[in-house]
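*Asks:* I need the structure of the sequence given here:
(chains A and B)
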Protein chains: 2
Amino acid sequence: MPVNENAAPGRVGDVRRRNLSLVLDSIARTGDAKPSRAQLAAATGLTKAAVSSLVAELVESGLVSEVGLYRDGERGRPGQGLELSPRRGVVGMEINVDYLAVGLVDLGGNLRFTTTVESHNRGLKPGEVMAKLAELAGEAKGAAAAGDIAILGGGLAVPGLVDEARSVVLSAPNLHWEHEQLNVDALLGDVPLGVRLSNEANSAALGELWYGAGQPDFLYVSGEVGVGGGVIIGSELYTGPGGSAGELGHIVVHPEGSGCSCGGVGCLETFAGQEAVFEAAGIAPGPLSGRTAALLAALADKEPRAVKAVDDAGKYLGVALASSARLMDIEAVVLGGHFAELAEWLRPAVLASVERHAPGLVRPEDLKVSGLKHAGTLLGAAGQVIRSVIASPLGLVVTDRTA
Amino acid sequence: MPVNENAAPGRVGDVRRRNLSLVLDSIARTGDAKPSRAQLAAATGLTKAAVSSLVAELVESGLVSEVGLYRDGERGRPGQGLELSPRRGVVGMEINVDYLAVGLVDLGGNLRFTTTVESHNRGLKPGEVMAKLAELAGEAKGAAAAGDIAILGGGLAVPGLVDEARSVVLSAPNLHWEHEQLNVDALLGDVPLGVRLSNEANSAALGELWYGAGQPDFLYVSGEVGVGGGVIIGSELYTGPGGSAGELGHIVVHPEGSGCSCGGVGCLETFAGQEAVFEAAGIAPGPLSGRTAALLAALADKEPRAVKAVDDAGKYLGVALASSARLMDIEAVVLGGHFAELAEWLRPAVLASVERHAPGLVRPEDLKVSGLKHAGTLLGAAGQVIRSVIASPLGLVVTDRTA
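*Replies:* As a prediction, this is how the structure comes out:
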């Protein structure tokens, strides 16, 4: 169950709430630098006394930890640096068409444990899939217990449109799920912040923004069985008036193309989705990891069908990127999922195609490959919960009522 | 020259500036209702005394007029309603490939005078075109003088990317202009707010938002020789990180299409731009108005080439709209320019194509036709200046220093 902030003592007003957030955010932004109290005072504009009091609360509540460290040019006793606590974590979870994944992410954004299992979820009832995922989440809970990490909440990403507030999957065509209510609270049991449902590509885009190669404006392209996208504008996720923006996989790249899972015709996904590429490359059906390995081996051998399949995927991905750059004026792109795995072969074809259709618009250095690969989704799903803690920590803070 | 607000008396602080804007905005929003001072006080939350003082300044400066009017159920002496003054105006101007247009727009958004002349501007030097436009603007000035309307400034729309702050056309491929500095101040002579340069499709989108069929989120599609677009999100123009968003004409609608003026391949403009449609329909070269009339006559006669040309344009426009709805999650569309003129024949093809590529996404009632037609650009170009007056009227207000 999410903590009800309104249940916090009424005397703890908006100023304290905002200042706790300010200090947490400042620690989060400095990242590995582990700022001192004095540095936080300078960064936030608060007095040292106020910072000390706020930090004391944050340390007591377990959200912030002190680390002894030497700074450049210092001698003698180490100073006290502050970091978001490695002893508090959020479980990122992902349901995709061919696999389930979970990861334990600490408040500093470090992936402390992760596991992925192949699972053919298409057409299964959500209840069955959620039961398997809960088992996997149990492993993350075990890892947390072993590492003395308290779990604050979870984030669950699915390849489809979701209603986050009601934990409903509105439409996930590649899973054959339409309007399915998910019992997300059963995944982790009783955790302070509950479990937040999100879209897979949006989560991966946010993971990239916060923990990867993100920049203020970019398009994240997720290559899975489906092709998804996440649009980051001004360091925020753009979801559109109805919440379903970024459906890059359903940009039309050939008006006479074939039918798509969305009911449309000629969508990018029909050319560049995982199954489309495997099929075009002549990779026999089977478990996902085996097919990926077979495709990579065929590419290394310059097997013509494999090379053409990936070239074509790159060509159509380039068409979609040219169109989206024209429409949204966002030239920077981060390729994730199987596009990242295939990047060595895919990237030249993408660049040639974008240059053909929108000359000069996307420079080679604007087309990046995610270093997070599939973990980006887990980091982003968990990261949304971590960001909510940073923005609004009051419900988790042990407040000294005499202060 | 724009009025320098910093030159206003220092004692006139931010509060007065904001309150003047609040009152003007409230009058603008109520539009034809012509609110009373008491109604403005209720709408703004200001006291009646404050509203009276602010209105007095706005009336004295000529931005607001009083009109006597009877309200429902009232008898006796008419009450005083307030409106944005019909005696103050802004000149909207447009340079397009085949024509020049000017319009005189009063502060209430009424087009008081307009004229359009055919002019083959492609490849002409900007100086030549600007000299012809200045002549045409002279007619608007004459109309203003005849109607006792003082001109506050102007807005100039061009079919290309612009740097508004420096009055530079960065790129207008259909005019063959690249990095051309325009001497916009010479167009109207000495006017308080100068002349503001803008993109044609963006201006038309804003014209539609403020004075036409606009709603908070929609895509405006401008059909001229080029095909342009304007993206309205949350009642604001989305221009993207680099200022060039909404280039709908250069969405790729067929990967094996023909070359485009932008240097790309398969852009919407190559299928649905005015010249592409005339050519496909077999309409002989000649003046624009004659070609449009010939095309409309051929369509009325169900001449197969003409019908197919417009069907194809609609089909590819549908492909682009499907892609943009997927990416930006904006389903509402307003068709302008020659798309509006051809709407009767074009609209069914657009709807069928969108339904084929993105089933269920764009409902027929979401695909509107601009009632403003070509005037939308003039209204939007002028409207941006009018909005700047409403947002920041202080420089134009005669302030009573003893108040």
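*Asks:* Please point out which parts of the helix or strand containing A:A131 sit buried.
*Replies:* A:A131 is part of helix A:126-146 when elements are defined by DSSP states H and E. Neighbour counts using 16 or more other Cβ atoms under 10 Å in any protein chain shown place A:P126, A:V129, A:M130, A:L133, A:A134, A:L136, A:A137, A:E139, A:A140, A:K141, A:A143, A:A144 of helix A:126-146 among the buried residues. To be clear about C-beta, it is placed using only N, CA and C from the backbone, and glycine gets the same treatment.
*Asks:* Tell me the spacing between the first one and A:P216.
*Replies:* So the one you mean is A:P126. 36 Å (Cβ to Cβ, to the nearest Å).
*Asks:* Give the other helices and strands that the next helix or strand after the helix holding A:A131 contacts.
*Replies:* Sequence-wise, the next helix or strand downstream of helix A:126-146 (DSSP H and E) is strand A:150-158. With contacts taken as 3 or more Cβ pairs under 8 Å, 6 or more residues apart in numbering or on different chains; DSSP states H and E, strand A:150-158 sits against strand A:88-95, helix A:126-146, strand A:195-199, helix A:200-211, helix A:375-391.
*Asks:* again, only this time at 6 Å
*Replies:* Helices and strands touching strand A:150-158, by 3 or more Cβ pairs under 6 Å, 6 or more residues apart in numbering or on different chains; DSSP states H and E, are strand A:88-95, strand A:195-199, helix A:200-211, helix A:375-391.
*Asks:* Sheet partners, orientation included, of that strand?
*Replies:* For strand A:150-158, the paired strands and their directions (DSSP bridges) are strand A:88-95 (parallel), strand A:195-199 (parallel).
*Asks:* any idea how far A:G230 is from chain B?
*Replies:* Going from A:G230 to chain B by Cβ to the nearest Cβ, to the nearest Å gives 11 Å.
*Asks:* before we move on, what SS does that residue have?
*Replies:* On the three-state scheme (DSSP: H, G, I helix; E, B strand; the rest coil), A:G230 is labelled strand.
*Asks:* and it, what are its bridge partners?
*Replies:* Under the criterion used (DSSP bridges), A:G230 bridges to A:Y220.
*Asks:* for A:G376, what are its contacts?
*Replies:* Neighbouring residues of A:G376 by Cβ atoms under 6 Å, 6 or more residues apart in numbering or on different chains: A:A204, A:G207, A:E208, A:G336, A:S370.
*Asks:* if we can go back for a sec, deepest of the strands paired with strand A:150-158, which one?
*Replies:* Of all these, strand A:88-95 has the most neighbours on average by mean count of other Cβ atoms under 10 Å in any protein chain shown, namely a mean of 29.
*Asks:* elements contacting the next helix-or-strand element following that strand?
*Replies:* Per DSSP H and E, strand A:88-95 leads on to strand A:99-106 as the next helix or strand towards the C-terminus. Under the contact criterion of 3+ Cβ pairs under 6 Å, 6+ apart, strand A:99-106 touches strand A:88-95, strand A:111-118, helix A:126-146, helix A:375-391.
*Asks:* Mind putting the ones you listed into a markdown table with mean pLDDT?
*Replies:* Conversion of the helices and strands packed on strand A:99-106 to a markdown table gives the following (pLDDT from 0 to 100):
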| stretch | mean pLDDT |
| --- | --- |
| strand A:88-95 | 97 |
| strand A:111-118 | 96 |
| helix A:126-146 | 97 |
| helix A:375-391 | 96 |
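*Asks:* Ok, which of these comes nearest A:G45?
*Replies:* Smallest distance to A:G45 across the helices and strands packed on strand A:99-106 (Cβ to Cβ): 17.7 Å, for helix A:375-391.
*Asks:* Sort out which residues of the closest one are buried, please.
*Replies:* A:375-386, A:388-390.
*Asks:* before we move on, what about stretch A:93-102?
*Replies:* A:M93, A:E94, A:I95, A:N96, A:V97, A:D98, A:Y99, A:L100, A:A101, A:V102.
*Asks:* State the distance from the last one to chain B.
*Replies:* Distance of A:V102 to chain B, computed by Cβ to the nearest Cβ: 29 Å.
*Asks:* what residues are up against that residue?
*Replies:* Taking Cβ under 6 Å, 6+ apart as the definition, contacts of A:V102 comprise A:M93, A:L136, A:A137, A:A140.
*Asks:* pLDDT score for the nearest residue to A:R196 once chain neighbours are set aside?
*Replies:* Nearest residue to A:R196 in three dimensions, chain neighbours excluded: A:G155, at 5.0 Å (Cβ to Cβ, 6 or more residues apart in numbering or on different chains). A:G155 carries a pLDDT value of 98.
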